[in-house]
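J.: Mind folding the following:
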Amino acid sequence: MCGIVAIFGHNSQLGVPHLDTMLNRLSHRGPDDRGTFANGHITLGQTRLSIVDVAGGRQPIFSEDGEKCVICNGEIYNHLDLRKALHQEHCFRTNSDTEAILHLFEEEGTQSVLKLDGMFAFVVYDGKDILVARDPLGIKPLYYSQENSCLLFASEIKALQGIAGNIQEFPAGYYYSPSQGLTQYYRLPVIPEWQSNVSEISQKLHDKLYGAVEKRWMSDVPVGCFLSGGLDSSLICAVSKRNFDHLDTFSVGLETESQDLIYARKVAQFLGTNHHEYVYTMSDVLEALPDVIYHLESFDPALVRSAIPCYFVSRLAREYVKVILTGEGSDEVFAGYHYFKRFSDKQDVYQESVRILTGLHNMNLQRVDRATMAHSIEGRVPFLDIGFVEYAMSIDPRLKLAGKSKRIEKWLLRQAFTRYLPDEIIWRPKMEFAAGCGSEELITDMVEDEISDAEFERERQRLQEINISSKEDLYYFRIFYDFFGSDIDATAIGRWKGGFSREGSDL
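T.: Numbers count the residues shown, from 1 in each chain. A predicted model of the protein is given here:
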């Protein structure tokens, strides 16, 4: 996992004096190493978190002729298969998964993106032009801007701030090349026929989740799992523990309020994991909040609220592992949120799942990426494996909300894995991360005391273009503004807006 920056254009050398500043702002994403390259057309930089080929995977990675190079933030899980499938003889200089991107590009150009299985944001330079791409669901972040006839790219907004204006989010599932412009290469497939055989579906879900988890244990450094005690993280832990004898798990919460701590202990004991927990206080929350918002790059209340425990559990995990598996994505593909019960038509369930799944890139996925990278660890999300997602989305939505006496969210997933965990975990109702950790109500009460009704109304009117909708929203925005000011395009900020629109993109 890394932080990347790139400046492309005839005036790219103007960005060289800014390169250190940009990389310094991304140092938390890669404290292990730093690599740069610059010529008349391109300036590249990368801060590296060494996970695969720890000793030899320094970036940029160059082709055999020295004319092409690549920088990447992410992991390519099928890189060994890609190496074997290359048609030409290539002299691999590293064991890094990133190098496979470069040689695949040499053979297939922009179409190389279609063969990558992983989470990624990368820039390839071929000596004249570039290929920039982001993974299908936006697990890894990327932003861009135009300044002085140059295109600038970076892993986080803060790396571009003050150096370029009109910062925008690079869309998930797209690539950019000068000849083709911004091009969508991935969209969720159309479902010709719903899968409805429960026994057959259950077996395939087993196989596909096992495969997704196994891929994400690809690492030359220690791996662990977040464990909230809810269904999703518990399943990831259960599958991991069946494949690996030793497993470190991590949980956080308020001691007197946290249901997550209680249930996580039960799961850890049942599975026999090496369990770690951190009990935080409200003063810890207030102390960490500015750092949370700085790294998160958002003031959306739901996002900030859930980022606080994620920030603490990432800090805890950093003491023991460098890679972490999480349960994000299950709620989107298995209709896991309570409001799904309001839909009576299966097509409505499906369409809503698509909507929130394609909006994850700057919501839950942004939270996981920023909270983990704030502490220099890499978060991986098995439920968002593309093969798993595509199969899960082909299942009859009625099976995701079913039950003998009432509709239960994620019914099919619970049913398919009943023997993996105790019933009180398998059938535990859905809780939001912040609520399960016990901090949600305390934050709401604190903000209510801090901001009067009159002050809120006055500020809401003054900040109409920001769309401040609550006192909590305003409280977080003030912290955000202290770091970033108001010159950032609102569409680049992680706030729920139901997916990406190309309108206004200027690539």
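J.: Could you use CA atoms for every contact and neighbour count after this?
T.: Will do.
J.: So the chain: which segments form each domain?
T.: Domain assignment for the chain by automatic domain parsing gives 2-184, 198-443.
J.: now the shortest one: how far from the chain's centre is it?
T.: Going by C-alpha atoms, centre = their mean, to the nearest Å, the spacing between the C-alpha centre of domain 2-184 and its chain's C-alpha centre is 17 Å.
J.: now the end-to-end length of it.
T.: Start and end residues of domain 2-184 are separated by 24 Å (C-alpha to C-alpha, to the nearest Å).
J.: Report the rounded mean pLDDT for it.
T.: Mean pLDDT, computed over domain 2-184, is 94.
J.: just stretch 251-271 next, same as before
T.: Mean predicted lDDT for stretch 251-271 stands at 89.
J.: hmm, who's touching that stretch?
T.: 226-230, 234, 238, 241, 249, 274-281, 309, 312-313, 421-422, 425, 435-439 (C-alpha atoms under 8 Å, 6 or more residues apart in numbering).
J.: Now a ChimeraX select for only the buried ones of the residues you listed.
T.: Command for ChimeraX that selects the buried part of these, burial taken from 16 or more other C-alpha atoms under 10 Å:
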select :226,227,228,229,230,234,238,241,249,275,276,277,278,279,280,309,312,313,421,425,435,436,437,438,439
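J.: how about the helix or strand harbouring Q461: buried residues?
T.: Using DSSP states H and E, the element containing Q461 is helix 453-462. Buried residues in helix 453-462, defined by neighbour count with 16+ other C-alpha under 10 Å: 456, 460.
J.: Distance from that helix to the middle of the chain?
T.: 34 Å.
J.: list the buried ones in stretch 286-299?
T.: Using 16+ other C-alpha under 10 Å as the test for burial, stretch 286-299 gives 289-299.
J.: circling back to that earlier point, could you dump the domains of the chain into a markdown table with distance to R478 added?
T.: Formatted as a markdown table, those follow (distance: least, C-alpha to C-alpha, whole Å):
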| stretch | distance to R478 |
| --- | --- |
| domain 2-184 | 17 |
| domain 198-443 | 9 |
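J.: Out of the buried residues of stretch 286-299, which sit inside helices?
T.: Residues of the buried residues of stretch 286-299 located in helices (DSSP state H): 289-296.
J.: Which of those sits closest to S344?
T.: Nearest to S344 among these: L296, at 35.7 Å, using C-alpha to C-alpha.
J.: where in the stretch 301-450 of the chain is pLDDT low?
T.: When residues are selected by pLDDT under 70, those of the stretch 301-450 of the chain lie in 404-405, 431-440.
J.: circling back to that earlier point, got the CA positions of the helix holding Q461 in PDB?
T.: Extracted in PDB, the C-alpha atoms of helix 453-462 (Å, rounded to 0.1, in the frame of the first residue of the first chain):
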ATOM      1  CA  ASP A 453     -30.200  26.500  17.800                       C
ATOM      2  CA  ALA A 454     -29.700  30.100  16.800                       C
ATOM      3  CA  GLU A 455     -26.000  29.600  16.000                       C
ATOM      4  CA  PHE A 456     -26.800  26.600  13.900                       C
ATOM      5  CA  GLU A 457     -29.600  28.400  11.900                       C
ATOM      6  CA  ARG A 458     -27.300  31.400  11.300                       C
ATOM      7  CA  GLU A 459     -24.400  29.200  10.000                       C
ATOM      8  CA  ARG A 460     -26.700  27.000   8.000                       C
ATOM      9  CA  GLN A 461     -27.900  30.000   6.000                       C
ATOM     10  CA  ARG A 462     -24.400  31.300   5.600                       C
END
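J.: Could you list every helix and strand in contact with that helix?
T.: Contact partners of helix 453-462 among helices and strands, from 3 or more C-alpha pairs under 8 Å, 6 or more residues apart in numbering; DSSP states H and E: helix 471-484.
J.: all strands in the stretch 101-250 of the chain, in order from the N-terminus.
T.: 118-125, 130-134, 143-147, 150-154, 168-169, 174-177, 181-184, 223-226, 248-253 (DSSP state E, counting those that start in this stretch).
J.: Identify whichever of the domains of the chain lies nearest to S469.
T.: From the domains of the chain, taking C-alpha to C-alpha, the stretch that ends up closest is domain 198-443, at 9.6 Å.
J.: That closest one spans what distance, first to last residue?
T.: 42 Å.
J.: Could you point out the helix or strand that follows the strand or helix carrying A392?
T.: In this assignment (DSSP H and E), A392 forms part of helix 386-393. Downstream of helix 386-393, the next assigned helix or strand under DSSP H and E is strand 401-402.
J.: what's in contact with that next one?
T.: 335, 341, 407-412.
J.: and if we set it to 7 Å?
T.: Strand 401-402 is contacted from outside by 407-411, using C-alpha atoms under 7 Å, 6 or more residues apart in numbering.
J.: Among these, give me the pair with the biggest separation.
T.: Most distant of those, by C-alpha to C-alpha, are R407 and K410, 9.3 Å apart.
J.: neighbour-wise, which of the two wins?
T.: Taking other C-alpha atoms under 10 Å, R407 and K410 do not tie; K410 has more neighbours (28 against 15).
J.: about what we covered before: just the contacts of strand 401-402: which are in helices?
T.: Counting by DSSP H, those contribute W411 to helices.
J.: Turn the contacts of strand 401-402 into a markdown table, including distance to D33.
T.: A markdown table is the format used below for the contacts of strand 401-402 (distance: C-alpha to C-alpha, whole Å):
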| residue | distance to D33 |
| --- | --- |
| R407 | 51 |
| I408 | 48 |
| E409 | 44 |
| K410 | 42 |
| W411 | 45 |
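J.: S50 against R34, yeah?
T.: No: S50 lies out of contact with R34 (C-alpha atoms under 7 Å); the separation is 10.6 Å.
J.: which one of those two has more residues nearby?
T.: Between S50 and R34, S50 has the larger neighbour count (other C-alpha under 10 Å), namely 23 against 20.
J.: quick one: what helix or strand has that one in it?
T.: Using DSSP H and E, S50 falls within no helix or strand.
J.: got the phi/psi numbers for it?
T.: When read as degrees, to the nearest 10, the backbone of S50 gives phi -80, psi 120.
J.: residues contacting the closest residue to it other than its chain neighbours?
T.: Distances taken as C-alpha to C-alpha, 6 or more residues apart in numbering place D32 nearest to S50, at 6.3 Å, with adjacent residues excluded. Counting by C-alpha under 7 Å, 6+ apart, D32 makes contact with 48-50.
J.: List the contacts of stretch 296-311.
T.: Residues outside stretch 296-311 that contact it (C-alpha under 7 Å, 6+ apart): 252-253, 292-293, 363, 367, 370-372, 433-434, 437, 440, 472-473, 476-477, 480, 493-495.
J.: Taking those residues, please make a ChimeraX selection of just the buried ones.
T.: Restricted to buried positions by 16+ other C-alpha under 10 Å, the ChimeraX selection for the contacts of stretch 296-311 reads:
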select :252,253,292,293,363,367,370,371,372,433,434,437,440,472,473,476,477,480,493,494,495
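J.: State the number of residues packed around E67.
T.: Neighbour tally, E67, other C-alpha under 10 Å: 11.
J.: Without its sequence neighbours, what residue ends up closest to it?
T.: Once flanking residues are discounted, E67 sits nearest to G127: 5.3 Å by C-alpha to C-alpha, 6+ apart.
J.: ends of stretch 113-122, how far apart?
T.: First residue to last in stretch 113-122 (C-alpha to C-alpha) measures 10 Å.
J.: Centre of the chain to the edge, which residue is at the far end?
T.: Distance from the centre of the chain peaks at A454, with 37.7 Å (C-alpha atoms, centre = their mean).
J.: Thanks a lot, catch you later.
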